[in-house]
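Student: Next one to model:
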Amino acid sequence: MRANPADGTLEPSWRRRGRAALLAMERPWVAGAVALGVYLAFAWAHCFGHGQGKWLSPFPYFNDLADAFLHGQTYLRQAPSTHDLTAVDGRLYLYWGPVPTLVLLPFVALFGPGFSDVLFTAALGGLDVLLVALLLRAAVVARVVRLDRLRRGVLVACFAFGTVHLTLAPYGRVWFTSQLVGFCAVTLAYLAALRLRGAPAALVSGLCLAAATATKNNLLFTGLWPAWFLLSRSPATARLGTWPRRAGLLAIGLLPVFAALGLLLLYNQVRFGSPLENGYRFHAMGEGFRADFEQYGLFHLHYLPRNVFYELLTYPLPLRDASVDGGGLFWMTPPFLAAFWGLSSRPRAQMVALVLSIVLTAVPIFLLMGTGYVQWGPRYTLDFTTPLLLLTALGLHRWSRRWTVIALVPAILVYLVGAVHFAIML
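Tutor: Alright, predicted model coming up:
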């Protein structure tokens, strides 16, 4: 034991080591490296525990599409499976946005379509954690939030090991890769808004948001907070002084987004002969979804009660068949409850921008045909986790350090169980 300088009491060594670990997680490069090591450990246990002997998932569809792009076509030349693919005129397509394919393109060009999507998502997961640590630091410097190093370390550790991110990063697969790329792009957009100034901030943030939108369309709405911040809080913006100039700044940010949307329409036209057809209605969905899809379509209020239950209310422990449908966001990640304290933060406009970024991004999720099966926790909520982290940070400084750390423990425990569960069952 050692004396605690804060109050003169003796501090147990386990508490001192725990605080040191959380403070280390506040450091971006340390957090990213630690997360990468954990993700690789789970990836190794999964790949070699199943006797695969290779770091490749059963569904590396973005690799296959990158291979197709390199051969001048938009339909797959090869596919290890047809599950969840779109079949039109005897050709196989992906309905997911093309940005992950473009990111993977140089790797597939160098190493072929057998390039490890498992290693790719693990590395991308480590990058995501690093970016979250950078984002929280930048938010403090910009006076968006008030968080000491310990609470920032808690939030970074929570994101890395106490959210669905832990059960997505180690396992490759087209669905998980898409979400990780989308999260990375959104977080870069927020970071650009916080770290840059004026037109460069708007342009880089807009480019990142364009990439996010061309990965998953609903991520467009996460751009509300960066837009508000650049127009209302940035010192460079405040000096502009006139609405025409602010409108110009907004146009700079929106131009890449509109360009991305236009390219998506062209991509659909080339593939399916219609700019509004993305192939989703032709995909090889699980038979359990088909009856509802034929009656209600892809988005409908009919799906709302089920999605609310699996995204917000249920709990996966003890293990049961329903565990793969999701889990309650706030019960599985208790530190996110601090977001409700963030609702009383000032300025009110900032809080509203964050809430709208979350809610509008979530609307398609809660009206969608499926919950994200197979998953551990509410997988689709990763789409709005970047603004949720900032809203949580706004409320977390109102919590004591003790309760902040206590809330972290069940989040990490339940997701460690989930990651082990995934390593066995996937």
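
Student: could I have stretch 102-112 exported to CSV, CA atoms only?
Tutor: C-alpha atoms of stretch 102-112 as CSV (Å, rounded to 0.1, in the frame of the first residue of the first chain):
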residue,chain,number,x,y,z
LEU,A,102,-11.6,1.0,-52.1
VAL,A,103,-9.7,0.9,-48.9
LEU,A,104,-8.8,-2.7,-49.4
LEU,A,105,-7.9,-2.2,-53.1
PRO,A,106,-4.2,-1.7,-52.7
PHE,A,107,-3.9,-4.7,-50.3
VAL,A,108,-5.7,-7.0,-52.7
ALA,A,109,-3.6,-5.7,-55.6
LEU,A,110,-0.5,-6.6,-53.7
PHE,A,111,-1.5,-9.8,-51.9
GLY,A,112,-4.5,-11.0,-53.9
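
Student: Which residues does it contact?
Tutor: 62-63, 66-67, 69-70, 115, 117, 120, 181 (Cβ atoms under 8 Å, 6 or more residues apart in numbering). Quick note: C-beta positions are derived from backbone N, CA and C, even for glycine.

Student: Quick check: the farthest pair among these?
Tutor: The most widely separated members of these are Leu70 and Val181, with 18.8 Å between them, by Cβ to Cβ.

Student: In terms of neighbours, single out the busier of those two.
Tutor: Neighbour count, other Cβ atoms under 10 Å: between Leu70 and Val181, Val181 has more, with 28 against 14.

Student: For the stretch 251-400 of the chain, which segments are assigned as strands?
Tutor: Counting by DSSP state E, counting those that start in this stretch, no segments of the stretch 251-400 of the chain form strands.

Student: After the strand or helix carrying Pro106, heading C-terminal, what element do we hit next?
Tutor: According to DSSP states H and E, Pro106 maps onto helix 99-111. Following helix 99-111 in sequence order, the next helix or strand is helix 117-141 (DSSP H and E).

Student: and that next one, what does it pack onto?
Tutor: On a contact count with 3 or more Cβ pairs under 8 Å, 6 or more residues apart in numbering; DSSP states H and E, helix 117-141 meets helix 28-49, helix 99-111, helix 149-161, helix 165-168, helix 174-195, helix 385-396.

Student: for it, the distance to its chain's centre please.
Tutor: Computed by Cα atoms, centre = their mean, to the nearest Å, the chain-centroid distance of helix 117-141 equals 10 Å.

Student: what's around the residue lying closest to His302 once chain neighbours are set aside, how many residues?
Tutor: Leaving aside its sequence neighbours, His302 sits nearest to Tyr296 (Cβ to Cβ, 6 or more residues apart in numbering; 4.7 Å). Residues lying near Tyr296 (other Cβ under 10 Å) number 14.

Student: give the contact list for Tyr296.
Tutor: Tyr296 neighbours (Cβ under 8 Å, 6+ apart): 302-303, 369.

Student: One more: Leu254?
Tutor: When contacts are counted by Cβ under 8 Å, 6+ apart, Leu254 touches Gly206.

Student: Model confidence for it, exactly?
Tutor: For Leu254, the pLDDT comes out at 95.

Student: Same question for Asp321.
Tutor: Asp321 is given a pLDDT of 68.

Student: and what of Arg246?
Tutor: 80.

Student: do Leu10 as well
Tutor: So Leu10 comes in at 52 (pLDDT).

Student: Can you classify Gln73 by secondary structure?
Tutor: coil (DSSP: H, G, I helix; E, B strand; the rest coil).
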